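Asker: Using only what follows, build the 3D model:
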Amino acid sequence: MDVEQEQQDNEQVHDDDKYKNLTDLQRAGIYEELLARSVNRKLKKTTTREVANMFHVSVQKVRRVWRRVKECLRQGVPVDVRSRKPKNCGRKRIVVDLSMVAEIPRSQRRTIRSLARALGVKKTTLHRMFTDGLLDRHSSSLKPYLKEANKKARLQFCLSMFDQQSLQNRPTFRDMRNIIHIDEKWFNTTQKTMKFYKLPSEIDPHRTVQNKNSIGKIMFLVAIARPRYNAEGICIFDGKIGIWPFIKKEPAPRKSDYRPRGTLITKTISVNREISRQFLIQKVLPAIQAVWPQELAGETIWIQQDNAPSHVPSNDPGFLNAVAQTGLDIRLMQQPSNSPDMNILDLGLFSSLQSMSDRLVSNNLDELINNVQHEYDAYDADKINRIFLTLQSCLIEVMKRGGSNDYKIPHMYKDGLERAGNLPDVLDCDRELYESVTQALAE
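Answerer: Below is the predicted model:
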């Protein structure tokens, strides 16, 4: 019984093979067998059936191979029995003139669907071109508008960051270890839209708030300096001066289901110049005294801030009196207007800290403060050091663009350089570029 079943299975397999397309190897074998059995290029009546049974294919396929042989002989060309289907069968590829893409308004190129509609093709065709690398996706973010005076101020700021002793040979940036970057940042308890990865069997997350336009948020003041390392490469100062929320504690005027009356609740405060001065004197200056390395105590410490109206000017009497009591030479400096790319906080640290704090659940403002403070304390000092190098590379790009901000942040592959022990401490600049910027400012 098993032998009969095996014979039936073999016959079924052979019948299925008869209807499959012949491979080029099978075609060549059939041609050689027919040629060996032919006499003066002629076959007997039973030859094609015998060869078909030998290769387990249909007789029609063997006869088509032989007709191809006779056709080649009549035309006087070399015999070629390979399949023609790879060239003549299948769906023909749609030809799209991609040079028309540049002529389509950018407002119609925001999605694959709208671009396909403008080109008059299917979106699947464009998606295939995108996966093949024929189309590129770009995320465009708004940048501050710069006037000519802004560009000139940005170039002057770039030149001020060079080490004066290196200008005779190869212009090199200062190590910036005596500059403290400060700025404010809003942190939200949650976001309107969040992306999750889940199993298909999981229930979609359901998040609710009382008013999605009034999500709880707190503004923080952050102060960061460049980390310092000893000769062995061990971090001896992580550069973290401090992070402080702009909040106040007030007793609850009435009871609720969650707290009794009089419970201290956290509320945000609006930031003006008086509040900024108060935080600088009561928060930032004591923190600098507590953590600043002793070997840098004799140098001038610069606190770099932007030009927000609420910030304290460099000649503020209250700030100068507070600095005189510290025994340190601490001064305020303003970065160029409309230049967030010249502050390491806006350049990279804020976005990184925001993404890290978003991983933690903040049900109220107190939890938000704890989460942000936790991520700030755990932030890697090596990342802070790399952002300072990114700042120097951005300054070079600003000089190349004549003070403009229409540049891409260059990639230095700092992680790989650091693993190999080749991460530079400071970056240098081409002397011709430095002289061209100097000449442009002198005109």
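
Asker: Report the separation between residue 103 and residue 157.
Answerer: From residue 103 over to residue 157 the distance is 39 Å, taken as CB to CB, to the nearest Å. C-betas here are computed from N, CA, C, even on glycine.

Asker: between those two, who's got more neighbours?
Answerer: For the pair residue 103 and residue 157, the greater number of neighbours falls to residue 157 (19 against 7), based on other CB atoms under 10 Å.

Asker: For the helix or strand in which that one is found, buried residues please.
Answerer: Take DSSP states H and E as the rule and residue 157 turns out to sit in helix 148-160. Residues of helix 148-160 classed as buried: 150-155, 157-159 (neighbour count, 16 or more other CB atoms under 10 Å).

Asker: pull the CA atoms of it into PDB?
Answerer: Below are the C-alpha coordinates for helix 148-160, written out as PDB (Å, rounded to 0.1, in the frame of the first residue of the first chain):
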ATOM      1  CA  GLU A 148      22.400  92.000   8.400                       C
ATOM      2  CA  ALA A 149      23.200  93.400  11.900                       C
ATOM      3  CA  ASN A 150      22.400  90.000  13.400                       C
ATOM      4  CA  LYS A 151      24.700  88.200  11.000                       C
ATOM      5  CA  LYS A 152      27.500  90.600  11.700                       C
ATOM      6  CA  ALA A 153      27.000  90.100  15.500                       C
ATOM      7  CA  ARG A 154      27.100  86.400  15.000                       C
ATOM      8  CA  LEU A 155      30.400  86.600  13.100                       C
ATOM      9  CA  GLN A 156      31.900  88.800  15.800                       C
ATOM     10  CA  PHE A 157      30.800  86.300  18.500                       C
ATOM     11  CA  CYS A 158      32.500  83.500  16.500                       C
ATOM     12  CA  LEU A 159      35.700  85.400  16.400                       C
ATOM     13  CA  SER A 160      35.600  86.100  20.100                       C
END
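
Asker: from now on call the first residue 53
Answerer: Let's use 53 as the start, then, which means that last one is helix 200-212.

Asker: Which strands or helices does that helix pack on?
Answerer: Helix 200-212 is packed against helix 433-452, helix 483-494, with contacts defined by 3 or more CB pairs under 8 Å, 6 or more residues apart in numbering; DSSP states H and E.

Asker: go with 10 Å
Answerer: With contacts taken as 3 or more CB pairs under 10 Å, 6 or more residues apart in numbering; DSSP states H and E, helix 200-212 sits against strand 382-386, helix 433-452, helix 483-494.

Asker: Now that helix: average pLDDT?
Answerer: For helix 200-212, the mean pLDDT works out to 95.

Asker: Run a quick check on residue 149 versus residue 181, I expect a contact.
Answerer: No: judged on CB atoms under 10 Å, residue 149 makes no contact with residue 181 at a distance of 11.6 Å.

Asker: overlap in contacts of those two?
Answerer: Common neighbours of residue 149 and residue 181 (criterion: CB atoms under 10 Å, 6 or more residues apart in numbering): residue 173.

Asker: So which of the two has more stuff around it?
Answerer: Ranked by neighbour count (other CB under 10 Å), residue 149 and residue 181 place residue 181 first, with 17 against 8.

Asker: So what's the residue count around the spatially closest residue to the more buried one that is not a sequence neighbour?
Answerer: Distances taken as CB to CB, 6 or more residues apart in numbering place residue 187 nearest to residue 181, at 5.2 Å, with adjacent residues excluded. Around residue 187 there are 17 other residues, counting by other CB under 10 Å.

Asker: Next: residue 92.
Answerer: Residue 92, neighbours per other CB under 10 Å, totals 4.

Asker: Kindly tell me how buried residue 331 is, as a neighbour count.
Answerer: Neighbourhood size, residue 331 [other CB under 10 Å]: 20.

Asker: If you could redo that for residue 299, that was the one I meant.
Answerer: Residue 299 sits with 16 neighbouring residues when counted by other CB under 10 Å.

Asker: Could you double-check that residue 267 sits in contact with residue 240?
Answerer: Yes: using CB under 10 Å, residue 267 is in contact with residue 240, at 5.3 Å.

Asker: still on that earlier bit, and of the helices and strands packed on helix 200-212, who's closest to residue 469?
Answerer: helix 433-452 (9.3 Å; CB to CB).

Asker: How much space separates residue 256 from residue 410?
Answerer: 19 Å.

Asker: Which stretches in this protein count as strands?
Answerer: Taking DSSP state E, the strands of the chain run over residues 231-240, 269-276, 280-281, 287-289, 292-297, 299-303, 316-320, 353-357, 382-386.

Asker: Quick one: these as TSV, columns for distance to residue 486 and mean pLDDT too.
Answerer: Output for the strands of the chain, formatted as TSV (distance: least, CB to CB, whole Å; pLDDT from 0 to 100):
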stretch	distance to residue 486	mean pLDDT
strand 231-240	20	95
strand 269-276	27	96
strand 280-281	27	92
strand 287-289	30	92
strand 292-297	31	96
strand 299-303	46	91
strand 316-320	45	90
strand 353-357	22	95
strand 382-386	21	95
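
Asker: Who are the contact partners of the closest residue to residue 118 other than its chain neighbours?
Answerer: Nearest residue to residue 118 in three dimensions, chain neighbours excluded: residue 86, at 5.6 Å (CB to CB, 6+ apart). By CB under 10 Å, 6+ apart, residue 86 lies in contact with 93, 95, 99-100, 102-103, 114-115, 117-118, 121, 133.

Asker: Where is pLDDT lowest across those residues?
Answerer: Lowest pLDDT among the contacts of residue 86: residue 93, 81.

Asker: I figured it was touching residue 124, is that so?
Answerer: No: if you go by CB under 10 Å, residue 93 and residue 124 don't touch, sitting 11.3 Å apart.

Asker: Give me the more crowded residue out of these two.
Answerer: residue 124 (14 against 11).

Asker: separation between the closest residue to the more buried one other than its chain neighbours and residue 489?
Answerer: Nearest non-adjacent residue to residue 124, counting by CB to CB, 6+ apart: residue 131, 4.6 Å away. From residue 131 over to residue 489 the distance is 73 Å, taken as CB to CB.

Asker: ok, the two, which is more surrounded?
Answerer: Neighbour count, other CB under 10 Å: between residue 131 and residue 489, residue 489 has more, with 21 against 13.

Asker: roughly how far apart are the residue nearest to that one when sequence neighbours are not counted and residue 459?
Answerer: For residue 489, ignoring the flanking residues on the chain, the nearest one in space by CB to CB, 6+ apart is residue 451 at 5.0 Å. Noted for residue 451: a distance of 10 Å to residue 459, by CB to CB.

Asker: between these two, who's got more neighbours?
Answerer: Neighbour count, other CB under 10 Å: between residue 451 and residue 459, residue 451 has more, with 20 against 14.
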